[in-house]
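Trainee: give me a 3D structure for the following:
(chains A and B)
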2 protein chains.
Amino acid sequence: MDKVKVAIVGFGTIGSGVARVLLEHGDRIARHAGRAVELAHVIDTDLARPRNVTLPPGILSDDLSRVIGDPEVKAVVELIGGTGIAREVVRKLLESGKDVVTANKALLAEHGPELFETARRLGRSIAFEASVGGGIPIITGIGQCLSANQIQSIHAILNGTSNFILTEMEQHGAEYAAAVAEAQRLGYAEANPSMDVDGSDAAQKLAILAQLAFGVRVRWQDIPRIGIDTVQVADLRYAHELDYHVKLLAVAELGAEGLDLYVSPTLVRHDTPLAEVRGAYNAIRVVGDVVGRVFFHGLGAGQNPTASAVVADLIDTVVGRTAITFRTLDLWSAVRPARVSARDPAKIPGRFYLRFQVDDQLGVMAEVAGALGKHGISIASLIQHEAEDGAHGAVPMVIMTHEAHEGDIRHAVETIQKLPFVHPNVVRLRVRD
Amino acid sequence: MDKVKVAIVGFGTIGSGVARVLLEHGDRIARHAGRAVELAHVIDTDLARPRNVTLPPGILSDDLSRVIGDPEVKAVVELIGGTGIAREVVRKLLESGKDVVTANKALLAEHGPELFETARRLGRSIAFEASVGGGIPIITGIGQCLSANQIQSIHAILNGTSNFILTEMEQHGAEYAAAVAEAQRLGYAEANPSMDVDGSDAAQKLAILAQLAFGVRVRWQDIPRIGIDTVQVADLRYAHELDYHVKLLAVAELGAEGLDLYVSPTLVRHDTPLAEVRGAYNAIRVVGDVVGRVFFHGLGAGQNPTASAVVADLIDTVVGRTAITFRTLDLWSAVRPARVSARDPAKIPGRFYLRFQVDDQLGVMAEVAGALGKHGISIASLIQHEAEDGAHGAVPMVIMTHEAHEGDIRHAVETIQKLPFVHPNVVRLRVRD
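Mentor: Sure thing, here's the model as predicted:
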């Protein structure tokens, strides 16, 4: 049987998982790859830290040149993470004739155009199934399996940490900070979870999907995003009263005026598949103009689900499928004109959920409604409850709007924030019907 | 730009859909295929029937030799259906050097080994994404994207007609016959829906998945199957009381003693993703030993969803991905030893739901329980209601068993059927927790 050598750069949690699959399941990988796949090198700066896999002797090293200089190594997995060293390493790997497999969404969202151009110029490929949705085959799903379709919309839960935290808050009535602590205790959230909970991670993944599904090149920093760090348990309760669950949705939706892209905690009707996604799971709802609605659901992060996607990419690369896909998809190509462009975020329409804390006094409702009306926003429904304990006389006012534009909502909220009887931290979520 | 010619044999509903996508969306298909894909021939015996697509002049013909004899045609879509002419046509196409794309599950379930062997011998390929799950990319999902995994189980709703009928019965309290009529009126069921409602269609698809995911070669006729034609609206009501929905599940589950395969209406807990699949949708829940649980959901039949899968296969074939996948998967190969084998159906374990109609008299319960006990089956719960109108004094007795073997259940039911106070047509469903 033929043999091909591969290497891993970055021996952390995911790297250990990939190494373990390659070492423990050589049989099935050889079967799918049509040849033996030998793990020849594992590179990391930390040689001492214990991992949950035992490597064959002589494989682990902190010297990248062992990979670069081994002409038998055809494909290399980059699992360093981040956008600094990883970018340099991927460039070097491509230049030394290696195909690259990566799970690094930050790297692609930041430097996708440069790295893909480099790979194209050198006749190499980059595979990145694991960068979005973990073990869910969404990159192949959209890039290959739905290729007869113009994708019309993507509604996705792409950050498992946020979904876990929201589920904790909803099921156990935990406040945000307590739910974050629980997520950290269970390993679902990092010590500094800010990229997860502020919507940045979801925006990076959405930027990749926007390029894949719509050919739209967008800086992830330019995608309007609100994270779950603005959501309180009270919002989940109000949503529940209205028959919704709150989910952190990453949305790409094609309209006559361009592509709407945003990340926002969103009220999703309780009996829809997206609303029922619980815990650390991810889900992606894709609508194509031929296939209709297709829904994918699975673990979006973690050692094993991510390793599953990385090893599938390795197999695809070794057998030659990736080279074909890389060439035909031609992602982030400067030559290919964009077919659509992202719409000005201020113009993105939708219904909104607003929660204000206001002083319990006469005329408040009239002033808030007036401020909304001045920005062309009309109220669909309103919930007002009595003051909660510890609210210092403030009462919550929850407003569901009719369809309005993001920009108008933002301006209206700014105006309302300045009213003397409105407390800080207005909560603004989107509503999906 | 390069060009490749393709053809369609079988110009029915799906064939028209495929033709329309190829003709109307040439741009996007050329983009994904890296070359123009020209529909050169459409073959059907019926040249007169109106279709919802207008073909370019000179393309439609009833003469297969126009395809066979055109060396520029590289890939041909077989959409004749059935196992007679279709088998002959696929063989001829392969022998004339064409790669084949098919949506024909019956053909593969019946003649997969022979046709795949022929294709291998001739260096050709067969793609069949559309044969299972319609627009859901489950063949690529399992065969390519989950290739790092040993698949451990598949629980799937593979027959949209049955799911539509069950949903109608559940949501509108329609009896089975009325729900079938409604499905026929809306085009979800054929004039003779027996292959759909008796579980045969699902068994054929399951046989394909069993080969793909487990390398198990099984005749679909040997897969034990119960259809939804045994289910009455009363069963859905009792299931509901117990917090279940009834779904026609096709199951493949790997255990230490082999692969369990069966098709059965099954009580599925109400808040699980499979239970929430409504109408004509299909869904497939796959568990892999690395990825964990992945869930796919979408339209499992119909002109457009099926055309989406067929055209994706055509693109895969034209760009060369199918040739690689066909070679590495090596399906239905006589050379490759089976890794597992299907377990004797009588040994398949599970919990069961049994509904008897019994005469309302003393001692009935004791005799039924005794008969079950004699076959080693213990009762987990029991529902007994008063006689319904028109039941002629018969009362329903609903029993949920603890885990038991299929064979024991079958024998026990046979015994109970013979008791003088038990009416015909005992309902036997499976229960999934």
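Trainee: find me the pLDDT at the closest residue to A:Y353 other than its chain neighbours, would you?
Mentor: Counting by CB to CB, 6 or more residues apart in numbering or on different chains, A:L429 is the residue found nearest to A:Y353 once chain neighbours are left out, at 4.3 Å. C-beta here means a position set from N, CA and C on the backbone, and glycine is covered the same way. For A:L429, the model assigns a pLDDT of 97.
Trainee: how many residues are close by A:L429?
Mentor: For A:L429, the neighbour count with other CB atoms under 10 Å in any protein chain shown is 26.
Trainee: likewise for A:H245?
Mentor: Using other CB under 10 Å as the criterion, the residues surrounding A:H245 number 22.
Trainee: next one: the one 3 residues further on
Mentor: A:L248 sits with 29 neighbouring residues when counted by other CB under 10 Å.
Trainee: what's the lowest-mean-pLDDT helix or strand in chain A packed up against?
Mentor: Least confident element among the helices and strands of chain A, by mean pLDDT, DSSP states H and E: strand A:379-384 (a mean of 90). Counting contacts by 3 or more CB pairs under 8 Å, 6 or more residues apart in numbering or on different chains; DSSP states H and E, strand A:379-384 packs against helix A:364-374, strand A:394-401.
Trainee: which SS class is the residue nearest to A:Y353?
Mentor: For A:L429, the assignment made with DSSP: H, G, I helix; E, B strand; the rest coil gives strand.
Trainee: so the nearest residue to A:A178 once chain neighbours are set aside is in which element?
Mentor: Sequence neighbours aside, A:E168 is the residue nearest to A:A178 in space, at 7.9 Å (criterion: CB to CB, 6+ apart). If you go by DSSP states H and E, A:E168 is part of helix A:160-172.
Trainee: please pull up the helix or strand immediately following that helix.
Mentor: helix A:176-185.
Trainee: between that next one and helix A:160-172, how big is the angle?
Mentor: 120 degrees (axes from the mean of the first three to the mean of the last three CA atoms, to 10 degrees).
Trainee: for A:V216, give me its contacts.
Mentor: A:210, A:259, A:261, A:338, A:340-342 (CB atoms under 8 Å, 6 or more residues apart in numbering or on different chains).
Trainee: SS state for it?
Mentor: coil.
Trainee: and the residue nearest to it when sequence neighbours are not counted, how many neighbours?
Mentor: What sits nearest to A:V216 in space, not counting adjacent residues and going by CB to CB, 6+ apart, is A:A210, at 4.5 Å. Around A:A210 there are 25 other residues, counting by other CB under 10 Å.
Trainee: hmm, A:V263 and A:A210 touching each other?
Mentor: No: shown here, A:A210 and A:V263 do not form a contact pair, counting by CB atoms under 8 Å, at 11.6 Å.
Trainee: what do the two both touch?
Mentor: Common neighbours of A:A210 and A:V263 (CB under 8 Å, 6+ apart) do not exist.
Trainee: can I take it that A:Q357 is in a strand?
Mentor: Yes: assessed with three-state DSSP, A:Q357 lies in a strand.
Trainee: OK, contacts around it?
Mentor: Counted by CB under 8 Å, 6+ apart, A:Q357 has contacts A:391, A:394-397, A:422-423, A:425.
Trainee: what about the helix or strand hosting A:E117 and chain B, touching?
Mentor: Using DSSP H and E, A:E117 sits within helix A:105-121. No: Helix A:105-121 lies out of reach of chain B by CB under 8 Å from any CB of the partner chain, never closer than 13.5 Å.
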